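> I'd like to go over a predicted model; first the sequence, then the structure.
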Amino acid sequence: MKNSVRASELGLKLLDRARRLKKWNKTAEAWCSSAFTSRATLNRFWARQPIRCDTFIAICSAVGVDWEKVVESDNIKPDQINNGKSPNLAQIKRVDWGQAPKLRDFYGRTEELNTLQQWILQDKCRLVTLLGMGGIGKTSVAVTLAHLLEDKFEFVIWRTLRNAPPLEELVADLIQFLSGQQETNLPSSVDGKILRLIRYLQGRRCLLILDNVESILQSGDRTGSYREGYSEYGELLRSIGETAHHSCLLLTSREPPQELTILEGENLPIRCFPLKGLSDTDGQEILKEKGNFAGDDTQWLTVIEHYAGNPLALKMVACLVRDFFYGNIAQFLNFLKQGSFIFDDIRDLLDRQFQRLSATQQDLMYWLAINREPVFFKELEQDVVCHRCAPDILQSLGSLQRRSLIEKTSAGFTQQPVVMEYMVNRLIEQIPEEITSKNFALLRTHALVKATAPEYIRDSQVSLILEPIIERLLASFGCTKNLSNHLLEIISMLRSPTSTVKKITQDTAYICGNIINILRQLQVDLSSYDFSNLTVWQANLQGIKLHNVNFAHADLTGSVFTETLGNILSAAFSPDGKLLATCDTDWKVRLWEVPSGKLVLLCEGHTNLVRDLAFSHDGKILASCSADHTVKLWDVSDGKCLKTCTGHSNEVCSVAFSPDGQTLVSSSGDHTLKVWDLKTGECLNTCTGHSSWVRSIAFSPDGKTIASSSDDHTVKFWDSGTGECLNTGTGHRDCVGSVAFSSDGKTLASGSGDHTVKFWEVTTGRCLRTYTGHSSGVYSVAFSPDGKTLASGGGDHIVRLWDTSTNECLKTLHGHSNQVFSVAFSPYGNTLVCVSLDQKVKLWDCQTGQCLKTWYGHTDWAMPIAFSSDGQTLASGSNDYTVRVWDYGTGSCIRTLPGHTDFVYSVAFSSDRKTLASGSTDNTIRLWDVSTGRCIRTLHGHTDWVFSVAFSSDGKTLASGSADHTVKLWDVSTGHCIRTFQEHTDRLCSVAFSNDGKTLASGSADHTVRLWNCEIGSCVGILRGHSNRVHSVAFSPNGQLLATGSTDHTVKLWDIGESKCCKTLTGHTNWVLSVAFSPDGKSLSSGSADKTVRLWDVSTGECLDICTGHSHLVSSVAFSVDGQIMASGSQDQTVRLKDVETGECLKILRTPRLYEAMNITGVRGLTEAQKATLKTLGAIG
């Protein structure tokens, strides 16, 4: 590996003596911390395996040994030695320029740069601050200085604070970069994160640059004070300045943060450098660059001195002289003498320049400041609403550029930070006045927050624009209530038929959206507000309750809402990158417009969860595969199903199109791959050879080879024409969930449950290398189109981007709060989509690692249910992480129990009704006091999702079943684990006690039911017969029968005494997810993914009743204590209570949905698919 070295045998002996003196073992935690490495790396070191140079040096330095005495000499190349002391920094350094500008022109500053270099290199200053007024050139000097110093540091990292990032985000970003993306589990406290960063600054030679520090400081008279929420930056500066280390932090700011005025000194390692204007000679160079001017040296000098040598001011003045005084400096100086214009700050000049601008130019200046980052003409054209035509906008942009008020970069038009801040301050000053006086100008024509902007930009708009405006408004109105009442008056005024503001509809496009965004930030409940017939552009309505809100006939263009996403399983870009397809456990396929984030099509037809999807190479067809055993082909233009391919005998896990678009391959839980003819839908070939589920498939770029991965821990390569298995790759130690070909087709990557990514040589099936770093299973891998980057997502909630040439982790993307199931690059490789079980779809910028867009899902599935023994209450669990307790007599929710941090999959009451247990996908069990709702204790021990909990009849013991393949018995009074049963070979889906508490039954995804003697802790029986997962088990009241429900669509009744199946109940057409006996044992109910509940006669096996009404799968069934009521919980977000005798639905329990009774009759600006989504979330109309 490049830049890697290993220890010699003699060197290891030297190091062994040194570590014994420190009383460290060979993988001591203290050693890992001191060397900023892992135990795995230390193990490789001791095994004399090559490791990175800088890590090798750190390991030796931690025990005080010269690394050159340890390294194997023939392992070092000449270019790795620098003066015989350390590896050449250029060989191991890492540089991240972030958003550092690329300088086109740089004038003078030789003396300043020499001084700064001496401070940093010779005087070893730890913290240096470049101070100066806006436009003076601080950023330019910092960029130039950083490039000059680049080869003197191991790490160089540039970050701008222009958008005021929270300190925790910044520090986490710095740590990840300095750790080579290895640090993922950071301390929870800010102090802990800062301390971790300091340790890296001590162990490495780092140059950190933070540009635009003034963005986190308060404006006004309180010089150097932090804006609210940013005071922790002071602790960072203090720690870096006062702690000994080998690194340097360089800041640029218009004023010094308050800590620096105390800590800095001429002879101290913390110094401030006031940057003055350019010299006369350098100033003339700037002026001459803008055109030909008539004037003598004295006149030049007068202009430069008047503007204090400020580079930005001189550029703006040069444009002014050129355009209005025809290049005559003398005329311009005469003009200055006529007025009282004294240049004190760049803002003085900006004020004068702004007043000279046309209305269109002023509009554009505001929009560029609101957008925060470079934008192209098309977006600006969409932003501007005041009847500006395209030629007028283009001409205005050109004029602004010539006046040096804006800049044009490869990413679009933007402003210098000082100009952007000036424009934002104008907004902050004017908007409160407009709202107070109800005399609207900017509030009508500009969005203060763009709901459709990239997520990090929207956060910046809230922080830097909206919140300061709200602060001023609250100062005027005194309290939130007064302000919200005033804003409501404005809404009423807008809705009034006589409103003068409303007459120019397009010009008022942003008023209502701005007011809604202000109310949202104030956390005002918008329930029952009336926004009917209004233009509501760019309102962020994600995640807020809008019960009974009236949007009838409103224009909602650019406004964003929460989506009805289930647990998202896969995503794919269309070949042109304009569409994104997602599929989830909600049985639907969705098509999104990537630029706008709009839902454009909803494809419905699958009857179970949709596992994977793929676009054809011409982008006209979308394929999806499902747990309903089918593959469907959809017309991308209208969402219609073109074909359904049947033939698999189990769930279909993955699909892939051949490059020529003629065939499609699918893989399944039936252990096979099938190749389909796209035109006819016929199966051309079936590939057999795997011994377990085939989780993922991929075509090679030339279409000749198909790769597959399986739960049998292997990767296989198949001839796509003959179906012959060419090679088998072995080496993974767990299920292999994903495969992807490199763009040249020579390499295959695979992700596995063993936490690793492996690379395979396609022609031989040989493993080439292994990536480690994930702390849980890797569920998805994807190559960038150029093959230079690999993305991997896994159960640790993290996405990693790897450099395939150096094998280093480039970035770790944090933001998901649950398992990441799918990653995919856009066709151009600049963005990455990630989907997760947290009901979010995230779009990332691959270069910066910033989240561009998040689609938020919201579906409060009512999953498990349980009746209390007093017959008064019912408990339900949900995927909103809560447990709810209902009075089923009144149908009202009497208590909500928060505390879990993930889905609640199981609930159970103790027999004395005092305790409620809940099992969650956060791997914990919680015990609740039913009377108070207080969490009594949390049971830890499972290492994966807890799917089922059950109390023994005496209430003293609790059983739990988990995806970690174990059953645990717990002492309810102490919370201690009594026993662990480990014989199942797949996840546990259900557990149940017999009435005497002596026997426990457990149903598993390994297709078996096991019976356990709870007293002696041994398995006393195995029930085999189901051909798929056993989802539910239940004992009859007399303990003689056991009922089981399975994804093989059947219910089975087992004679416990003889351990044999006595009846198989058929009729369900989809998974059977829950079974429950009536209290008298005569009836059995079963809930299924076919959306029905069936009632069975236990003695005859006859189906007595089929209960319909649910619109999604039924995940849980239960009887009341008297047996008269049957409850069913469903993914349609309801619990239904039915009279067992009559079959009548007595009540439907449902918490109000997010948009319950929100009126969207006649709305504009939404697609039909978006409207359907809103209705699912409760909207009407």
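Yep, that arrived.
> hang on, residue 670 in a helix?
No: counting by DSSP: H, G, I helix; E, B strand; the rest coil, residue 670 is located in no helix; its state is coil.
> Now do the contacts for it.
Listed by C-beta atoms under 8 Å, 6 or more residues apart in numbering, the contact partners of residue 670 are 648, 649, 650. Where you see a C-beta, it was placed from the backbone N, CA and C, and this is true even at glycine.
> measure it to residue 710 for me?
12 Å (C-beta to C-beta, to the nearest Å).
> do the same with residue 781
Counting by C-beta to C-beta, the gap from residue 781 to residue 710 is 15 Å.
> Looking at those two, which is more packed in?
residue 781 (29 against 25; other C-beta atoms under 10 Å).
> what bridges to the more buried one?
Applying DSSP bridges to residue 781 gives these bridge partners: residue 792.
> Now name the helix or strand holding residue 512.
helix 511-521 (DSSP states H and E).
> Check which element follows that helix along the chain.
Next along the chain after helix 511-521, taking DSSP H and E as the criterion, comes strand 540-541.
> confidence score at the residue of the chain positioned farthest from its centre?
What lies farthest from the middle of the chain is residue 296; by C-alpha atoms, centre = their mean that is 60.1 Å. For residue 296, the pLDDT comes out at 82.
> Now do the contacts for it.
Neighbours of residue 296 in contact, by C-beta under 8 Å, 6+ apart: none.
> and if you look at residue 580?
The contact partners of residue 580, by C-beta under 8 Å, 6+ apart, come to 571, 572, 573, 574, 591, 592, 594, 833, 841, 843.
> Name the nearest of those residues relative to residue 210.
Distance to residue 210 across the contacts of residue 580 (C-beta to C-beta) is lowest for residue 843, with 26.9 Å.
> Would you map out the domains in the chain?
Domain assignment of the chain by automatic domain parsing yields the ranges 4-91, 94-274, 280-350, 568-856, 899-1122.
> For residue 1164, find the nearest of the ones you listed.
domain 568-856 (13.2 Å).
> model confidence over that closest one, on average?
For domain 568-856, the per-residue pLDDT averages 94.
> cool, stretch 280-292 as well?
Stretch 280-292 comes out at a mean pLDDT of 79.
> Now do the helices in the stretch 301-450 of the chain.
Counting by DSSP state H, counting those that start in this stretch, the stretch 301-450 of the chain has helices at residues 311-324, 329-338, 346-355, 359-371, 377-383, 390-402, 417-437, 442-445.
> could I get these as CSV with mean neighbour count and mean pLDDT?
CSV is the format used below for the helices of the stretch 301-450 of the chain (neighbours: other C-beta atoms under 10 Å; pLDDT from 0 to 100):
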stretch, mean neighbour count, mean pLDDT
helix 311-324, 22, 81
helix 329-338, 14, 79
helix 346-355, 17, 81
helix 359-371, 21, 93
helix 377-383, 16, 87
helix 390-402, 16, 85
helix 417-437, 19, 92
helix 442-445, 21, 93
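> Of those, which is nearest residue 44?
helix 417-437 (45.5 Å).
> quick one: low-confidence ranges for the stretch 151-300 of the chain?
220-222 (pLDDT under 70).
> can you give me the strands in it?
155-160, 206-211, 248-253, 270-274 (DSSP state E, counting those that start in this stretch).
> Identify each buried residue in the last one, please.
Pointing back at strand 270-274 there. Using 16 or more other C-beta atoms under 10 Å as the test for burial, strand 270-274 gives 270, 271, 272, 273.
> Any figure for the gap between the last one and residue 159?
Relative to residue 159, residue 273 is positioned 19 Å away (C-beta to C-beta).
> Kindly report the same for the first one.
Using C-beta to C-beta, residue 270 is found at 20 Å from residue 159.
> Now do residue 585: how many residues are near it, please.
Other residues close to residue 585 by other C-beta under 10 Å number 23.
> Surely it and residue 606 touch.
No: counting by C-beta atoms under 8 Å, residue 585 stays clear of residue 606, with 10.7 Å between them.
> Name the residues that touch stretch 60-75?
Counting by C-beta under 8 Å, 6+ apart, 5-8, 11-12, 14-15, 18-19, 21-22, 24, 31, 34-35, 48, 50, 56-57, 84-86 sit against stretch 60-75.
> my bad, should have said stretch 921-928
With contact meaning C-beta under 8 Å, 6+ apart, stretch 921-928 is reached by 818, 837, 881, 883, 897, 899-903, 905, 915-920, 934-940, 942-946, 949, 958, 960, 962, 970, 972, 975.
> Could I get the buried residue list for the helix holding residue 512?
511, 512, 513, 514, 515, 516, 517, 518, 519, 520, 521.
> Can you tell me which of these is closest to residue 177?
Distance to residue 177, by C-beta to C-beta, is smallest for residue 521 among these, at 31.9 Å.
> Of the strands of the stretch 151-300 of the chain, which is nearest residue 308?
Taking C-beta to C-beta, strand 270-274 is the member of the strands of the stretch 151-300 of the chain nearest to residue 308, at 12.2 Å.
> What are the buried residues along stretch 671-691?
671-676, 678, 681, 684-685, 687, 689-690.
> Tabulate these in a markdown table, adding columns for secondary structure and distance to residue 171.
Converted to a markdown table, the buried residues of stretch 671-691 look like this (DSSP: H, G, I helix; E, B strand; the rest coil; distance: C-beta to C-beta, whole Å):
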| residue | secondary structure | distance to residue 171 |
| --- | --- | --- |
| 671 | coil | 48 |
| 672 | strand | 50 |
| 673 | strand | 47 |
| 674 | strand | 50 |
| 675 | strand | 51 |
| 676 | strand | 51 |
| 678 | coil | 51 |
| 681 | coil | 55 |
| 684 | strand | 56 |
| 685 | strand | 54 |
| 687 | strand | 50 |
| 689 | coil | 50 |
| 690 | coil | 46 |
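> Distance check, the residue nearest to residue 1018 when sequence neighbours are not counted against residue 104.
In space, residue 1018 comes closest to residue 1012 once its chain neighbours are excluded; the distance is 7.0 Å by C-beta to C-beta, 6 or more residues apart in numbering. Counting by C-beta to C-beta, the separation of residue 1012 from residue 104 is 75 Å.
> more crowded one of these two?
Neighbour count, other C-beta under 10 Å: between residue 1012 and residue 104, residue 1012 has more, with 24 against 6.
> So that one belongs to a strand, correct?
Yes: applying three-state DSSP, one finds residue 1012 inside a strand.
> Please name the nearest non-neighbouring residue to residue 223.
Using C-beta to C-beta, 6+ apart, the closest residue to residue 223 is residue 255 (5.3 Å).
> re earlier: got the angle for the helix holding residue 512 vs helix 417-437?
100 degrees (axes from the mean of the first three to the mean of the last three C-alpha atoms, to 10 degrees).
> other SSEs contacting helix 511-521?
helix 442-445, helix 467-477, helix 480-495, strand 540-541 (3 or more C-beta pairs under 8 Å, 6 or more residues apart in numbering; DSSP states H and E).
> contacts for the second one?
The one in question is helix 467-477. 427-428, 431-432, 435-436, 448, 480, 483, 486, 518, 521-522.
> buried stuff in that helix?
In helix 467-477, counting by 16+ other C-beta under 10 Å, buried: 467, 468, 469, 470, 472, 473, 477.
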